[in-house]
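*Asks:* sharing a model prediction with you, sequence too.
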Amino acid sequence: MNLLNKKVLIVGFGKSGQAALRFCLKQGARPAVTDAQKKESFGSVLDAFKGYPVDWYLGSHDPDLFLSADLIVVSPGVPWNLKSLKAAREKGIPVVGELELALQDYGPWTRDHGPKIIAVTGTNGKTTTVTLIDHLLKTAGKKSLLAGNVGKPLLDCLEEAKTAEFLVLEISSYQMEATPSLKADVAVWLNVTEDHLDWHEDFADYVKAKTKLIRQAAPNGIAVYNLEDQMVANSVEQIPCPRFGFSAKRELKLGGWVDEGHLVLKTTLKESPVRFALKNVPLKGIHNWENMLASLLAVSPYIKDKEILQKGLETFVPLPHRMQVVRAIKGVAYINDSKGTNVGATLKAFISTKPPIVWIAGGKDKGGSYEPLAELVQKKTKKAIFFGEAKDKMADFFKKYAEVSLSQDLGAAVTLASKTAVAGDTVLFSPACASFDMFKDYAERGEKFMALVKQL
């Protein structure tokens, strides 16, 4: 894509927007940046671009900017149905994401000689899965580059990509809308539950965005998908492509499943199943069994050595803020699951946690239903403590299923939980909400929780 002297509007100035600006400046474009946040929100980030020919429009989005651009590069968190973006698309102005800009521009993405692309989407488990896939490939001596919605933006990795054998991408629903050139060699869909309904028009629109990863797979690409997620299974099975399903609940003729303390893979009818022992694997819980099955199936066309794969599973370091045991105090375990930013993730946390549970939750509501949690909350919860913007809505819903309390902030919630829990209880911090009402992101929220627990 030739950007020389083109008017490029970058919408949203997070990590991907900053990468897009660096790229556009190198290409000789005439960039402008717009973000709803004010200048003060970016601190020293803007200093790196002093002296460069950039037009800044911070604090609001001017609709005229969108209609006068030659190209619009939109950041993942910007709603695709933003009125100004809709108007630009209707006028025929190309609207792409940072990832699309990289895929269109750079030679190695041609199917003949470029790196194999393994792309992963899903409501939950994406980051663990792509990080594990990258680890398995590297354990096998492969040159793998991890990018997309995790780590560095792809536009900042173009030089590294020249020597990569594999490109492992975490893909959000936002990115799929803006990345029509992505054609994965292995397309992985982990699950789908109500999430980001503040961004998508409705749940059907969210599912449609996720489905694009499978529909756009490379001509000889394969799909890896969760057979136990009915919405995922129904969507994938309508698309004609080679595919492998996985299940943590039942044995399959082909695909991946769990059996008596082992992960089992069978990818051809002629070969015997391959078994991987779970005993020394640090990832625990049914949700991680699914993540591991998906990862093993994703790399199975490229790594045939069972011992290498077993070693990769056993040497993987679990990511923080995902069912992370912080400490035990007087027989009470404190678990940090700050990455539980939606109902589906918190549901998996409840499934994996022994009762009685003192549950801390809350934050910025995402617009979905809390109903899927009702049964397990009723069965397992000793007390639910809610804080943040969504606390009143959550208390009103869950008061039918558990004793509830409200706290003004996370600190007060942790203090109340410590006074409520007794030996044998678990304090589970799995918010089921976004963090943006009080924190920069889920990681900052998780660090705060851990600091509070360590002060008890």
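*Replies:* Yes, it's here.
*Asks:* make it CA atoms for all contacts and neighbour counts henceforth
*Replies:* Fine.
*Asks:* quick one: secondary structure of residue 276?
*Replies:* Classification of residue 276 into helix, strand or coil gives strand, according to DSSP: H, G, I helix; E, B strand; the rest coil.
*Asks:* can you tell me the element residue 135 falls in?
*Replies:* With elements delineated by DSSP states H and E, residue 135 resides in helix 126-139, which encompasses its position.
*Asks:* neighbouring contacts of that helix?
*Replies:* Defining contact as C-alpha atoms under 8 Å, 6 or more residues apart in numbering, one finds that helix 126-139 is touched by 119-120, 143-146, 150, 168-171, 190, 291-292, 294-296, 298-299, 303, 308-309, 311-313, 316, 318-319.
*Asks:* can we see that at 7 Å?
*Replies:* Taking contacts as C-alpha atoms under 7 Å, 6 or more residues apart in numbering, the residues outside helix 126-139 that touch it are 120, 144, 146, 150, 168-170, 291-292, 295, 299, 308-309, 312, 316, 319.
*Asks:* packing partners of the lowest-mean-pLDDT helix or strand in the chain?
*Replies:* Counting by mean pLDDT, DSSP states H and E, the chain has its least confident helix or strand at helix 173-177, which shows a mean of 83. Using 3 or more C-alpha pairs under 7 Å, 6 or more residues apart in numbering; DSSP states H and E, the elements in contact with helix 173-177 are helix 203-215.
*Asks:* may I see the buried residues of the helix it packs on?
*Replies:* Within helix 203-215, the residues that qualify as buried are 203, 206, 207, 209, 210, 211, 212, 213, 214, 215, counting by 16 or more other C-alpha atoms under 10 Å.
*Asks:* just to revisit the earlier point, contacts for the next helix or strand after the least confident helix or strand of the chain, please.
*Replies:* Under the assignment DSSP H and E, the closest C-terminal helix or strand after helix 173-177 is strand 186-189. Strand 186-189 has contacts (C-alpha under 7 Å, 6+ apart) with 117-122, 213-214, 217, 221-226, 298.
*Asks:* and residue 347, how many neighbours does it have?
*Replies:* A total of 20 residues lie near residue 347 under the criterion other C-alpha atoms under 10 Å.
*Asks:* all strands for the stretch 51-200 of the chain, in order.
*Replies:* Per DSSP state E, counting those that start in this stretch, the stretch 51-200 of the chain carries strands over the ranges 55-58, 71-74, 95-97, 116-121, 144-148, 166-170, 186-189.
*Asks:* meant to ask about the stretch 351-456 of the chain, not that
*Replies:* Along the stretch 351-456 of the chain, the stretches classed as strands by DSSP E, counting those that start in this stretch are 357-362, 381-387, 404-406, 426-429.
*Asks:* quick check: which of these is buried the most?
*Replies:* Of those, the one with the most neighbours on average (mean count of other C-alpha atoms under 10 Å) is strand 426-429, at a mean of 28.
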